[in-house]
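Asker: Need the 3D shape of this:
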Amino acid sequence: LVARSDGRHTQHAQYNLGVFYTSGTGVTQDEAEAMRWYLLAADQGYAGAQYNLGVSYHNGYGVPLEFAEAVRWFRLAADQGYAPAQGSLGLSYQNGGGVPQDSAEAA
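Answerer: Predicted coordinates for the structure are as follows:
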């Protein structure tokens, strides 16, 4: 799937492999392998993968629990207009998770 794809399709395929390893769909569930595939897609600018990495760092899934790192990934995806990441970034500012609490920035 990944080897036969190029450009945006490769990022989407890498993201999908992360989803499959997260859920155990068609493969043995493996948090570390999921994070590896998300990171490959995220480093190429794929917003869905950036968001999933943010969620993973926010919840400590497959990576250490690190709110500041979660915010970094949320921001990258949010800057591309990815609505779920925009919401998570706003909540981070509202709650002070990984950034100083700032109600104005949260809005």
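Asker: which sections of this protein are below the confidence cut-off?
Answerer: Applying pLDDT under 70 to the chain picks out residues 1-8.
Asker: Now the host helix or strand of residue 52: buried residues?
Answerer: If you go by DSSP states H and E, residue 52 is part of helix 47-59. By neighbour count on 16 or more other CB atoms under 10 Å, the buried set for helix 47-59 is 47-58. Quick note: C-beta positions are derived from backbone N, CA and C, even for glycine.
Asker: will you turn those into a markdown table that also has distance to residue 12?
Answerer: Putting the buried residues of helix 47-59 into a markdown table (distance: CB to CB, whole Å) gives the following:
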| residue | distance to residue 12 |
| --- | --- |
| 47 | 11 |
| 48 | 8 |
| 49 | 9 |
| 50 | 13 |
| 51 | 14 |
| 52 | 13 |
| 53 | 16 |
| 54 | 18 |
| 55 | 18 |
| 56 | 18 |
| 57 | 22 |
| 58 | 23 |
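Asker: ok, back up a step: helices or strands up against the helix holding residue 52?
Answerer: Secondary-structure packing of helix 47-59 (3 or more CB pairs under 8 Å, 6 or more residues apart in numbering; DSSP states H and E): helix 8-23, helix 31-42, helix 67-78, helix 83-95.
Asker: Show me how far that helix is from its chain's centre.
Answerer: Centroid displacement of helix 47-59 relative to its chain, using CA atoms, centre = their mean, to the nearest Å, is 2 Å.
Asker: CA atoms only: put it into PDB for me.
Answerer: Coordinates of each C-alpha in helix 47-59 appear next as PDB, following Å, rounded to 0.1, in the frame of the first residue of the first chain:
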ATOM      1  CA  ALA A  47      -2.800  17.000   9.700                       C
ATOM      2  CA  GLY A  48      -4.700  13.900  10.800                       C
ATOM      3  CA  ALA A  49      -1.500  12.200  11.900                       C
ATOM      4  CA  GLN A  50      -0.300  15.400  13.700                       C
ATOM      5  CA  TYR A  51      -3.600  15.500  15.600                       C
ATOM      6  CA  ASN A  52      -3.400  11.800  16.500                       C
ATOM      7  CA  LEU A  53       0.100  12.300  17.800                       C
ATOM      8  CA  GLY A  54      -1.200  15.200  19.900                       C
ATOM      9  CA  VAL A  55      -3.900  13.000  21.300                       C
ATOM     10  CA  SER A  56      -1.400  10.200  22.000                       C
ATOM     11  CA  TYR A  57       0.900  12.600  23.900                       C
ATOM     12  CA  HIS A  58      -2.100  14.100  25.700                       C
ATOM     13  CA  ASN A  59      -3.200  10.600  26.900                       C
END
